[in-house]
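Chemist: Got a sequence here, can you build the structure:
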Amino acid sequence: MVTIKSAEAATAIRGVQYDSRRIGPGDLFVAMRGGSNDGNRFIENALAKGAVAVVTDSSETYERLRREHGSAGAALVEQGRRALAEAAAALFHHPQQHLALSGVTGTNGKTTTAFLLEAMLRSVGRQCVLIGTIETHIAGQVRESPHTTPESRDVLELFSEGVEAGATEAVMEMSSHALDQERVWGLPVDVAIFTNLTQDHLDYHGTMENYFAAKMRLFEGVGTPPPRVAVVNVDDPYGKRIADTADRSQLVRYGLSGDGDYCAEQITMRAGETRFRLKTPHGSADVRSPLTGRMNIYNLLAAAAAAHARGLTLDQIAAAAESGAQVPGRFEVVPSKSGFTVVVDYAHTDDALRNLIALARELVHDRGGRVVTLFGCGGDRDRTKRPRMGRAAGEGSDLVVLTSDNPRSEEPSAIIAEALTGVQQTGTQCIVEEDRAHAIEIAVRSARAGDIVLIAGKGHEKVQVLRTGPVPFDDVAVAGRVLKGME
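Modeler: Okay, the predicted model is just below:
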């Protein structure tokens, strides 16, 4: 229990919420303004449900509360999200102080890198909290993740549960939205990881410089000092900029170009296996991983550097990499007896799509196979990347199947038309089918022995978001049904 002081009196509170629907008797309601909503609109609802105190970032609302609800505690703050983080930290007894936190940011690779790092830490007996796009782990317990990076109150509750279960480490994906909106305010990061930066989320950030500035906040500290260690991909031009400015952290560079402290040599790859020699300032080790592709070598290097910074030996890192599990929706191979390969992957930017197709091309090269790529573009998101994704798909594929992704409030046919212009610039054959399930069937049934069919964009997601709301949809399950019907 903590106490909030208002102009009238001190009020004891038992819990903290930012969503009025979750309020219980004795709770503090933090009413904060957001990009698309304003929590101050729901104060009456929160009070009706038993809130005994309100923190608001609106002076007008604060004055009204004092006039109309004198019995309720009230406080005015400049930054609602900071107040939420500080109140939640106090109520949950500052669990962030009992966990060594590793934060991962970047456009692509965050999820896989976070999974790999957590697996490495667990392999030496450490209990962990993992918070990310696909799943949340609390000392081995697996839960679904509603957001890549939740609000601070929810993060701190998860941290508290983890500490109670014996966790000493935490690994978090930190999205640019979360860093910009200060959802991670006050979380001390021990090891910060930067994977890469390519065009995405410009519907929110506006420019690549704003997008980069949001990512940089992880390395500056969000209400905390900068991280002890900064693990940075120096093959990425934005990573080089971070490396040039992260002078208050111990800098660890990684990459494939030879400029990194952690690099990979003697690389061999095939579907379901990657081998390389991990070279570091502390020695070398042979690494074998069930993950495939150059992108996953970057992810393995990032996780290895971070794990070493958290005290693991190179031998421990190599052993953990070999036993690493498949990350759902990341180059996930759908089981089949068809003689061709069907892969589901989350690639939803032009850069990620280009990397995915390049990997597929490399894998089919020796067997003379083709690359068939199915993709779509999300609605209510950066429109400028749609033709870029179309061009990336067309340039690397033998056949493109263009379909719907998560259209949200937009008309699917309009989204497809914008992406189609990019495909048409390449001259590659393209089949347009708005219905995603039917499109998957077309793509799979077009394949022949030796081919790879890439189903890109949604990865691990289990719903498709339409104008009318989300409906159940699973790329892996749909592809599996088509393959079963072909046996």
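
Chemist: for Val476, what are its contacts?
Modeler: Residues near Val476 by Cβ atoms under 8 Å, 6 or more residues apart in numbering: 329, 332, 334, 344. For glycine as for every other residue, the C-beta is placed from the backbone atoms N, C-alpha and C.

Chemist: quick one: it is in a helix?
Modeler: Yes - according to DSSP: H, G, I helix; E, B strand; the rest coil, Val476 belongs to a helix.

Chemist: Need the max-distance pair from the contacts of Val476.
Modeler: Pairwise distances across the contacts of Val476 (Cβ to Cβ) peak at 11.2 Å, for the pair Gly329 and Val334.

Chemist: Comparing those two, which residue is more hemmed in?
Modeler: The residue with more neighbours, out of Gly329 and Val334, is Gly329; 23 against 20, by other Cβ atoms under 10 Å.

Chemist: Correct me if wrong: that one contacts Glu461.
Modeler: Yes - taking contacts as Cβ atoms under 8 Å, Gly329 lies within contact range of Glu461: 7.2 Å.

Chemist: tell me, what's touching these two both at once?
Modeler: Shared contacts of Gly329 and Glu461 (Cβ under 8 Å, 6+ apart): Asp475.

Chemist: what bits of this protein have low per-residue confidence?
Modeler: 1-11, 35-36, 325 (pLDDT under 70).

Chemist: Domain-wise, how is it divided?
Modeler: Residue ranges for the domains of the chain, per automatic domain parsing: 2-91, 95-322, 332-486.

Chemist: now do the same end-to-end measure for the longest one.
Modeler: Going back to what we said before, that points to domain 95-322. End-to-end distance for domain 95-322, by Cα to Cα, to the nearest Å: 32 Å.

Chemist: same check, this time on the last one
Modeler: Using Cα to Cα, the end-to-end distance of domain 332-486 comes out at 20 Å.

Chemist: Could you number the chain from 29 rather than 1 from now on?
Modeler: Right, with 29 as the first residue, what we last looked at is domain 360-514.

Chemist: how much distance is there from it to the middle of the chain?
Modeler: Domain 360-514 has its C-alpha centroid displaced from the chain centroid by 20 Å (Cα atoms, centre = their mean, to the nearest Å).

Chemist: likewise the shortest one?
Modeler: Chain-centre distance of domain 30-119: 30 Å, with Cα atoms, centre = their mean.

Chemist: What are the boundaries of the helices in the stretch 279-428 of the chain?
Modeler: 322-337, 342-350, 378-392, 413-424 (DSSP state H, counting those that start in this stretch).

Chemist: Buried residues, the last one. List them.
Modeler: Within helix 413-424, the residues that count as buried by 16 or more other Cβ atoms under 10 Å are 413-424.

Chemist: Could you export the residues you listed to JSON lines, including columns for distance to His336?
Modeler: Converted to JSON lines, these look like this (distance: Cβ to Cβ, whole Å):
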{"residue": "Lys413", "distance to His336": "35"}
{"residue": "Arg414", "distance to His336": "40"}
{"residue": "Pro415", "distance to His336": "41"}
{"residue": "Arg416", "distance to His336": "36"}
{"residue": "Met417", "distance to His336": "36"}
{"residue": "Gly418", "distance to His336": "40"}
{"residue": "Arg419", "distance to His336": "39"}
{"residue": "Ala420", "distance to His336": "34"}
{"residue": "Ala421", "distance to His336": "37"}
{"residue": "Gly422", "distance to His336": "41"}
{"residue": "Glu423", "distance to His336": "37"}
{"residue": "Gly424", "distance to His336": "34"}
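
Chemist: Can you say which helix or strand has Gly450 in it?
Modeler: Under the criterion of DSSP states H and E, Gly450 resides in helix 440-452.

Chemist: Each with direction, which strands does the helix or strand following that helix pair with?
Modeler: The element immediately downstream of helix 440-452 (helix or strand, assigned by DSSP H and E) is strand 458-460. Within its sheet, strand 458-460 is paired with strand 427-430 (parallel), according to DSSP bridges.

Chemist: Give me the common contacts of Gly357 and Val362.
Modeler: Common contacts of Gly357 and Val362 (Cβ under 8 Å, 6+ apart): 372, 504.

Chemist: Quick check: chain neighbours aside, which residue is closest to Thr89?
Modeler: Asn68 (4.6 Å; Cβ to Cβ, 6 or more residues apart in numbering).

Chemist: Please enumerate the strands of the stretch 129-278 of the chain.
Modeler: Counting by DSSP state E, counting those that start in this stretch, the stretch 129-278 of the chain has strands at residues 156-159, 163-166, 169-172, 197-201, 217-222, 257-261, 278-282.

Chemist: Now tabulate those in JSON lines and tack on distance to Ala349 and mean neighbour count.
Modeler: Below are those laid out as JSON lines (distance: least, Cβ to Cβ, whole Å; neighbours: other Cβ atoms under 10 Å):
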{"stretch": "strand 156-159", "distance to Ala349": "16", "mean neighbour count": "26"}
{"stretch": "strand 163-166", "distance to Ala349": "18", "mean neighbour count": "22"}
{"stretch": "strand 169-172", "distance to Ala349": "21", "mean neighbour count": "10"}
{"stretch": "strand 197-201", "distance to Ala349": "16", "mean neighbour count": "27"}
{"stretch": "strand 217-222", "distance to Ala349": "16", "mean neighbour count": "27"}
{"stretch": "strand 257-261", "distance to Ala349": "16", "mean neighbour count": "28"}
{"stretch": "strand 278-282", "distance to Ala349": "14", "mean neighbour count": "21"}
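
Chemist: closest to Arg389 out of the ones you listed?
Modeler: Per Cβ to Cβ, nearest to Arg389 of these: strand 257-261, 22.7 Å.

Chemist: Sheet-wise, list the partners of the closest one with their directions.
Modeler: In the sheet containing strand 257-261, its partner strands are strand 217-222 (parallel), strand 278-282 (parallel), by DSSP bridges.

Chemist: List the contacts of it.
Modeler: 134, 218-224, 247, 267, 270-271, 274, 277-283, 288, 326, 330, 333-334, 337.

Chemist: can we see that at 7 Å?
Modeler: The contact list for strand 257-261 (Cβ atoms under 7 Å, 6 or more residues apart in numbering) reads 218-224, 247, 267, 270-271, 274, 277-283, 326, 330, 333-334, 337.

Chemist: go on, stretch 240-253?
Modeler: Stretch 240-253 has contacts (Cβ under 7 Å, 6+ apart) with 110, 131, 133, 202, 204, 207-208, 210, 212-217, 220, 222, 225, 233, 254-255, 258, 266, 270, 274, 277.

Chemist: If any of the residues you listed are buried, give me the ChimeraX selection for them.
Modeler: Listed next is the ChimeraX selection for buried residues among the contacts of stretch 240-253, using 16+ other Cβ under 10 Å:
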select :110,131,133,202,204,207,208,210,212,213,214,215,216,217,220,222,225,233,254,255,258,266,270,274,277
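
Chemist: List the ones among the contacts of stretch 240-253 that fall in helices.
Modeler: 110, 204, 207-208, 233, 266, 270 (DSSP state H).
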